[in-house]
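Engineer: Sequence and predicted structure below; questions after.
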Amino acid sequence: MPVAYFLVLSALLFSIGVYGVLARQHAVLVLLSVELMLNAANINLVAFSAMLGEAGVPGQVFALFVIAVAAAEVGVGLAIVILIYRNRRSVDIDEMSLMKW
């Protein structure tokens with residue numbers, strides 16, 4: 001299978017993720033959109049790793065690091081969203097003015 005197919009899939013996933021971050025009002029959906037963008041980066045890393053063969057092993061290692069960072073991001077992000085929901089009874093991004101001056 002050509003690498004171009006994987007790159008097109010990755011570009012579509014990344015575009016959907018960017019749209020989700022920019023257009024959504026719900027904090028959980030924004031976190032899901034960030035996860036889509038990280039998965040698109042993983043697809044790129046693994047596709048180029050497969051294309052390069054033995055020289056592409058660092059791509060797979062970076063993909064594992066991205067997966068670990070994504071798992072940590074989900075844990076911290078959801079904890080923050082739950083705390084904000086407890087205080088504000090809403091996870092709407094427009095209503096979150098806790099950090100504004």
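Structural biologist: Good, I have the coordinates.

Engineer: And the residue nearest the centre of this protein?
Structural biologist: residue 35 (2.3 Å; C-alpha atoms, centre = their mean).

Engineer: wait, is it part of a helix?
Structural biologist: Yes: under DSSP: H, G, I helix; E, B strand; the rest coil, residue 35 falls within a helix.

Engineer: how near is it to residue 69?
Structural biologist: Per C-beta to C-beta, to the nearest Å, residue 35 is found 11 Å from residue 69. C-beta: built from backbone N, CA, C; applies to glycine.

Engineer: which other helices and strands contact the top helix by length along the chain?
Structural biologist: Ranked by residue count, the top helix of the chain under DSSP state H comes out as helix 57-88. Counting contacts by 3 or more C-beta pairs under 8 Å, 6 or more residues apart in numbering; DSSP states H and E, helix 57-88 packs against helix 27-52.

Engineer: How far does the helix it packs on sit from its chain's centre?
Structural biologist: Its chain's average C-alpha position is 6 Å from that of helix 27-52, according to C-alpha atoms, centre = their mean, to the nearest Å.

Engineer: by how many degrees do that helix and helix 57-88 diverge?
Structural biologist: Relative orientation of helix 27-52 with respect to helix 57-88: 180 degrees, computed using axes from the mean of the first three to the mean of the last three C-alpha atoms, to 10 degrees.

Engineer: List the buried residues for helix 27-52?
Structural biologist: 27, 30-49 (16 or more other C-beta atoms under 10 Å).

Engineer: One more: stretch 71-90?
Structural biologist: Those would be 77, 81, 84, for stretch 71-90 by 16+ other C-beta under 10 Å.

Engineer: Same check on stretch 58-74?
Structural biologist: 59, 62-63, 70.
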